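> using only what follows, build the 3D model:
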Amino acid sequence: MLRFTNDYRTLVREFSWNIPAHFNIGCATVERAPADSLALIEVNADGARRDWSFGEVLATANRLANGLKSLGAVRSDRVGILLAQSAACALSHLAAYRAGLIAVPLFSLFGPEALEYRLSDSGARWLITDVEGLSKVVALRDRLPHLSGTIVVGGRAQNETIDFDSLLAKASDRFDAVDTAAEDPALIIYTSGTTGPPKGALHAHRVLLGHLPGVEMPHDFFPQPGDCFWTPADWAWIGGLLDVLLPSWFHGVPVVACRMAKFDPERAYDLMTKHRVRNVFLPPTAARMMRQVLAPRSRPALRTLASGGETLGAELLEWGRVTLNLAINEFYGQTECNVVVGNSTVLFSAKPGSMGRPVPGHHVAVVDAEGQVLGPDKMGTLAIRRPDPVMFLRYWNRPDATAAKFVSDWLVTGDQGHVDKDGHLWFTGRDDDLITSSGYRIGPGEIEDCLLKHPAVAVAAVVGVPDPVRTEVVKACVVLKSGVSGTDALKIELQEFVRSRLAAHEYPRIVEFRDSLPLTATGKIIRRALRNPKT
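Residues are numbered from 1 along each chain as shown. Coordinates of the predicted model:
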């Protein structure tokens with residue numbers, strides 16, 4: 001935990017990691033707080049509230065861990081968690097960690113193909129989902145030979161599935177958690193996949209401890225008395241799970257869980273006000289949507305608001321000051337190595353447009369292609385020096401990709417930028433084809449592969465194009481097979497083809513038919529030439 005001070009340089013100089021040899025996320029998050037203290041405020045779609053104490057969370061997670069063990073789950077089995085923000089989602093994570101299993105968070109809006117790839121690639125043996133999720137995976141069952149059982153929340157067991165509530169009812173609320181080492185694997189979070197399929201970033205149990213300074217600094221020495229955390233970001237993403245839920249519970253701070261199938265800015269204002277939220281992680285797109293509400297019905301009394309994923313800009317920072325009466329602290333990280341740079345109103349004055357300064361404990365620099373550190377105002381690649389407790393162990397089953405992620409002792413992010421003379425880091429752009437849309441980081445490869453499965457498509461290339469609300473939207477440039485006409489109806493068909501198989505945030509909002517795609521001499525698509533409208 002960061003020691004309170006208003007001197008950034010002193011904080012960095014005096015900081016040191018204390019990573020024990022043995023550590024388990026599922027123990028550290030629910031065994032430290034008083035059993036009768038509030039852990040979770042679960043808000044249903046109709047607004048009904050259900051409070052969970054830390055004691056209830058621990059007892060129920062133990063029941064689930066015992067239930068998984070009774071089904072035959074053994075240490076290091078992968079368990080997919082296909083659930084939106086809810087008590088069941090949080091309990092599934094805790095049970096997996098306590099039982100020594102490896103959690104595989106899955107976005108509840110993923111379509112069948114996206115789910116099949118991740119469940120197959122991870123070799124998931126177990127899946128915990130709800131009725132909606134089950135409807136997507138039931139047809140995939142024969143193509144998932146590793147999957148031994150599916151546990152269903154909120155619905156009657158069917159098609160050889162296991163009922164979540166019945167499993168809990170039969171199990172004891174006492175469970176001896178597995179004594180995991182801090183370096184033991186805890187979860188696999190899939191990246192966007194800029195070139196080829198998404199990659200599974202394997203994280204150790206220590207990743208929670210590595211996240212703590214990066215959460216505490218942008219939230220101005222979190223926690224403080226009365227703090228209560230919420231984010232609209234799904235807990236399947238590292239920003240929701242490890243920037244909000246698990247660090248809050250480590251510190252004994254309650255978290256609000258509320259599923260929003262589609263973000264509603266007015267509801268967000270009301271939710272934060274009604275449930276006395278004090279701390280928020282708000283993705284930039286959500287902030288832009290809230291800014292468009294000129295006269296919100298309610299105004300929450302927030303203490304901190306942090307945002308990451310892209311630069312906010314002066315207008316959104318001003319909205320925070322005027323509408324919410326606070327400064328928005330921006331931060332930066334990646335799935336492989338998260339929240340390593342940030343701002344803090346307590347420690348130093350932010351520079352609009354800057355990501356901030358390195359979080360204590362993390363060595364962040366701008367390096368050249370050989371891994372040499374560059375001086376102030378020199379353009380290069382943002383990188384983090386290893387070892388670092390927040391850094392991933394490796395990509396699942398991808399030793400080649402793991403090796404390519406490092407240059408010497410530096411994890412290279414693929415983000416271009418520079419550091420100024422005061423130590424503030426600035427983002428310039430990506431050195432690959434990653435698309436940033438509505439807070440999601442989207443790789444083109446998975447979308448292109450999906451489009452190529454449509455019988456009308458011969459060749460497809462996907463890029464991001466600027467959008468005032470979403471930062472970028474997905475644009476697909478498609479060459480059709482001989483004899484196929486490029487009609488408006490076909491554009492809609494291709495959009496729905498991707499939406500139904502991958503995810504709503506990945507479908508191409510722009511479909512452009514072309515006779516051919518621009519290629520290099522070696523046959524690679526020149527993506528930069530596709531970002532402008534066809535002439």
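
> what is the one helix or strand residue 382 maps to packed up against?
Using DSSP states H and E, residue 382 falls within strand 380-385. Here strand 380-385 touches strand 364-367, strand 410-419, going by 3 or more C-beta pairs under 8 Å, 6 or more residues apart in numbering; DSSP states H and E. (Glycine included, C-beta is placed from N, CA and C.)

> partners of the longest one, with directions?
By that I understand strand 410-419. Strand 410-419 has the following strand partners under DSSP bridges: strand 380-385 (antiparallel), strand 406-407 (antiparallel), strand 425-430 (antiparallel).

> related to what we said a few turns ago, what's the strand holding residue 382 in contact with?
With contacts defined as C-beta atoms under 8 Å, 6 or more residues apart in numbering, strand 380-385 is touched by 332, 337, 340, 362-369, 371, 374, 391, 407, 409-418, 425, 427, 431.

> can you rerun that using 7 Å?
The set of residues external to strand 380-385 that reach it, using C-beta atoms under 7 Å, 6 or more residues apart in numbering, is 337, 340, 362-368, 374, 391, 409-413, 415-417, 425, 431.

> helices or strands up against the next helix or strand after it?
Counting by DSSP H and E, the next helix or strand C-terminal to strand 380-385 is strand 394-395. With contacts taken as 3 or more C-beta pairs under 7 Å, 6 or more residues apart in numbering; DSSP states H and E, strand 394-395 sits against strand 200-204, helix 399-404.

> tell me where the model's unsure across the chain.
Residues of the chain that meet the criterion pLDDT under 70 lie in 157-159, 193-196, 429-432, 520-524, 533-535.

> now do the domain split for it, please.
Here the domain parsing of the chain from automatic domain parsing is 20-205, 435-530.

> dump the strands paired with strand 410-419 to a markdown table, plus distance to residue 87 and mean neighbour count.
Listed next are the strands paired with strand 410-419 as a markdown table, based on distance: least, C-beta to C-beta, whole Å; neighbours: other C-beta atoms under 10 Å:
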| stretch | distance to residue 87 | mean neighbour count |
| --- | --- | --- |
| strand 380-385 | 34 | 22 |
| strand 406-407 | 39 | 15 |
| strand 425-430 | 36 | 16 |
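
> select, out of those strands, the one closest to residue 82.
strand 425-430 (29.0 Å; C-beta to C-beta).

> any chance you could list what contacts the helix or strand just after that closest one?
Downstream of strand 425-430, the next assigned helix or strand under DSSP H and E is strand 435-437. Residues external to strand 435-437 that are found in contact with it (C-beta under 7 Å, 6+ apart): 309-310, 442, 444, 464, 470-474, 505.

> let's see it at 10 Å
Outside strand 435-437, the residues that touch it by C-beta atoms under 10 Å, 6 or more residues apart in numbering are 192, 194, 284-285, 309-310, 430, 441-444, 447, 462-465, 467, 469-475, 505-506, 509.

> mind listing the helices for the stretch 1-150 of the chain?
Under the criterion DSSP state H, counting those that start in this stretch, the stretch 1-150 of the chain contains helices at 8-14, 25-28, 54-71, 87-98, 112-122, 131-137.

> nearest to residue 265, of the domains of the chain?
Shortest distance between residue 265 and the domains of the chain, using C-beta to C-beta, is found for domain 435-530: 11.4 Å.

> pull the distance from that closest one to the chain's centre.
23 Å (C-alpha atoms, centre = their mean, to the nearest Å).

> with stretch 225-241 instead?
How far stretch 225-241 lies from its chain's middle: 10 Å, per C-alpha atoms, centre = their mean.

> in that stretch, what counts as buried?
By 16 or more other C-beta atoms under 10 Å, the buried positions in stretch 225-241 come out as 227-241.

> which of those sit farthest apart?
The most widely separated members of the buried residues of stretch 225-241, counting by C-beta to C-beta, are 227 and 236 (23.8 Å).

> my guess is residue 495 contacts residue 476. True?
Yes - contact criterion C-beta atoms under 10 Å: residue 495 and residue 476 qualify, at 8.4 Å.

> so which of these two has more stuff around it?
Using other C-beta atoms under 10 Å as the criterion, residue 495 and residue 476 rank with residue 476 on top: 26 against 17.

> partner residues bridging that one?
What pairs with residue 476, by the bridge criterion (DSSP bridges), is residue 462, residue 511.

> residue 447 is in contact with that one, correct?
Yes - with contact defined as C-beta under 10 Å, residue 476 reaches residue 447; the gap is 7.0 Å.

> between the two, which contacts overlap?
Residues touching both residue 476 and residue 447 (C-beta under 10 Å, 6+ apart) are 460-462, 498, 507-508.

> quickly name whichever of these is closest to residue 395.
Residue 395 lies nearest to residue 462 out of these, by C-beta to C-beta, at 22.0 Å.

> show me what contacts that closest one?
Neighbouring residues of residue 462 by C-beta under 10 Å, 6+ apart: 433, 435, 442-451, 474-478, 498, 506, 508, 525, 527, 530.

> that one and residue 113, how far apart?
Counting by C-beta to C-beta, to the nearest Å, the gap from residue 462 to residue 113 is 15 Å.

> what about the residue nearest to residue 15 when sequence neighbours are not counted, neighbour count?
Excluding the flanking residues, the one nearest residue 15 by C-beta to C-beta, 6 or more residues apart in numbering is residue 360, at 3.8 Å. Number of residues near residue 360 (other C-beta under 10 Å) recorded here: 21.

> checking residue 360 next. Helix, strand or coil?
Three-state assignment for residue 360 (DSSP: H, G, I helix; E, B strand; the rest coil): coil.

> contacts only, for it.
By C-beta under 10 Å, 6+ apart, residue 360 lies in contact with 2-3, 8, 10-17, 213-214, 216-217, 347.

> go again using 6 Å as the cut-off
By C-beta atoms under 6 Å, 6 or more residues apart in numbering, the contact list for residue 360 reads 11-12, 15, 213.

> most widely separated two among those residues?
Greatest spatial distance among the contacts of residue 360 (C-beta to C-beta): 12 and 213, at 10.1 Å.

> the two: who's more crowded?
residue 213 (24 against 16).

> which stretch of helix or strand covers the more buried one?
Per DSSP H and E: helix 207-216 holds residue 213.

> which strands and helices sit next to that helix?
Using 3 or more C-beta pairs under 6 Å, 6 or more residues apart in numbering; DSSP states H and E, the elements in contact with helix 207-216 are helix 246-250.

> and with 7 Å instead?
Applying 3+ C-beta pairs under 7 Å, 6+ apart, one finds that helix 207-216 contacts helix 246-250, strand 337-342.

> what sits up against the helix or strand just after the first one?
Once helix 246-250 ends, the next helix or strand along the chain (criterion: DSSP H and E) is strand 255-258. Contacts with strand 255-258, where a contact means C-beta under 7 Å, 6+ apart, come from 40-43, 85-87, 228-230, 244-245, 248-249, 271, 275, 277.

> now do 8 Å
By C-beta under 8 Å, 6+ apart, the surrounding residues in contact with strand 255-258 are 39-43, 85-87, 89-90, 228-230, 244-245, 248-249, 271, 275, 277.

> same check on stretch 313-326?
If you take C-beta under 8 Å, 6+ apart as the criterion, stretch 313-326 is touched by 284, 287-288, 290-291, 296, 299-300, 302-305, 327-328, 345, 350, 352-353.
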